[in-house]
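Participant: no sequence for this one, just the structure:
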């Protein structure tokens, strides 16, 4: 998407953290921002912050796990503003801990937000993107979408799903003749937000600053990049997996501290 000024960008999970940073980064390029989140008070503060900075921002309470709520939000956005040009599926959650120590309802919620939420919101808003002369779909996956992640099993596997969904919908859009709808899959390592408090970053893999990552995402959209893998070490993972035996990759993961990185997680939702 070569021109972001004046484009209408809807972001899920945008009240705080990386979602809000993404919203601000798009706003700084002149985009009209549609903030959505399940937390109404935090969402209102986010909108007030952006409008106080002179940005064009709107806010809608939306639970991505409730498809009726998603459809109602879509209808409200259409009525109030019109169709969107860019959809950013950012809403996500993580619960760390050994698989059997995490209650089943939290595993289900992880999939409900991270996987089914991405699918449901995309299903609701993709017609908007197809109808535009130029549009973009951005899905927030994770570096863990390429690797097994002990103590984060459902989080990592939900992000594997996001990568598969993104690649499949990208190719499908191309085959259906909708090449004007570009898809970018974002695969970052740990981000410095409350979601990942307590994690230990793997060797040579710094914890990412939300503001800088958001700016990278906006640049990736402006250049129609298919993947954004960051920092550098994340770029090497697919290559290593393609060249080395599985056990060799496991050994490298352990030596670099990836395997144990979630062992001391105490982010949002921790007891």
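Facilitator: That came through, no problem. The model shown is predicted, which means the values in this text are computed figures rather than measured ones.

Participant: And the strands in this structure, which stretches?
Facilitator: Taking DSSP state E to define them, one finds strands in the chain at 8-11, 32-37, 57-61, 86-89, 135-140, 181-188, 227-230.

Participant: chain center to stretch 12-27: distance?
Facilitator: Stretch 12-27 has its C-alpha centroid displaced from the chain centroid by 10 Å (CA atoms, centre = their mean, to the nearest Å).

Participant: follow-up on the earlier one: redo the strands of the chain as a markdown table? Include mean pLDDT.
Facilitator: As requested, those are exported to a markdown table (pLDDT from 0 to 100):
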| stretch | mean pLDDT |
| --- | --- |
| strand 8-11 | 98 |
| strand 32-37 | 98 |
| strand 57-61 | 98 |
| strand 86-89 | 98 |
| strand 135-140 | 98 |
| strand 181-188 | 98 |
| strand 227-230 | 98 |
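
Participant: Which among the ones you listed is found nearest to residue 266?
Facilitator: strand 181-188 (19.9 Å; CB to CB). Every residue, glycine included, has its C-beta placed from N, CA and C.

Participant: Parallel or antiparallel, list what pairs with that closest one.
Facilitator: strand 135-140 (parallel), strand 227-230 (parallel) (DSSP bridges).

Participant: Contacts for the shortest one next, please.
Facilitator: If you take CB atoms under 8 Å, 6 or more residues apart in numbering as the criterion, strand 227-230 is touched by 143, 184-189, 208, 213, 216-217, 220, 235, 237.

Participant: Then stretch 114-124?
Facilitator: 12, 64-65, 67, 70-71, 74, 87, 89, 91-93, 137, 139, 155, 158-159, 161-162, 165, 169.

Participant: Swap in 7 Å and give it another go.
Facilitator: Under the contact criterion CB atoms under 7 Å, 6 or more residues apart in numbering, stretch 114-124 has outside partners 12, 64-65, 67, 70-71, 74, 87, 89, 91-93, 137, 139, 158-159, 161-162, 165.

Participant: same thing with stretch 162-179?
Facilitator: Identification of contacts with stretch 162-179 by CB under 7 Å, 6+ apart yields 114-115, 118-119, 130, 139, 141, 145, 181, 183, 185, 226.

Participant: From the chain's centroid, how far away is the longest helix along the chain?
Facilitator: Taking DSSP state H as the criterion, the chain has its longest helix at helix 153-175. Helix 153-175 sits 12 Å away from the centroid of its parent chain (CA atoms, centre = their mean).

Participant: Please identify the buried residues of stretch 44-55?
Facilitator: By 16 or more other CB atoms under 10 Å, the buried positions in stretch 44-55 come out as 46-47, 50, 55.

Participant: What residues does the nearest residue to residue 93 once chain neighbours are set aside make contact with?
Facilitator: Closest residue to residue 93 apart from its sequence neighbours, by CB to CB, 6 or more residues apart in numbering: residue 113 at 5.0 Å. Residue 113 makes contact with 64-65, 91-93, according to CB under 7 Å, 6+ apart.

Participant: again, 10 Å this time
Facilitator: By CB atoms under 10 Å, 6 or more residues apart in numbering, the contact list for residue 113 reads 12-13, 38, 63-65, 91-94, 158.

Participant: quick one, helices of the chain?
Facilitator: Applying DSSP H to the chain gives helices spanning 17-27, 40-52, 67-80, 104-111, 117-131, 153-175, 210-222, 232-243, 246-256.

Participant: tilt between the last one and helix 232-243?
Facilitator: Angle, helix 246-256 to helix 232-243, by axes from the mean of the first three to the mean of the last three CA atoms, to 10 degrees: 160 degrees.

Participant: Quick check: mean pLDDT of helix 246-256?
Facilitator: Helix 246-256 shows a mean pLDDT of 94.
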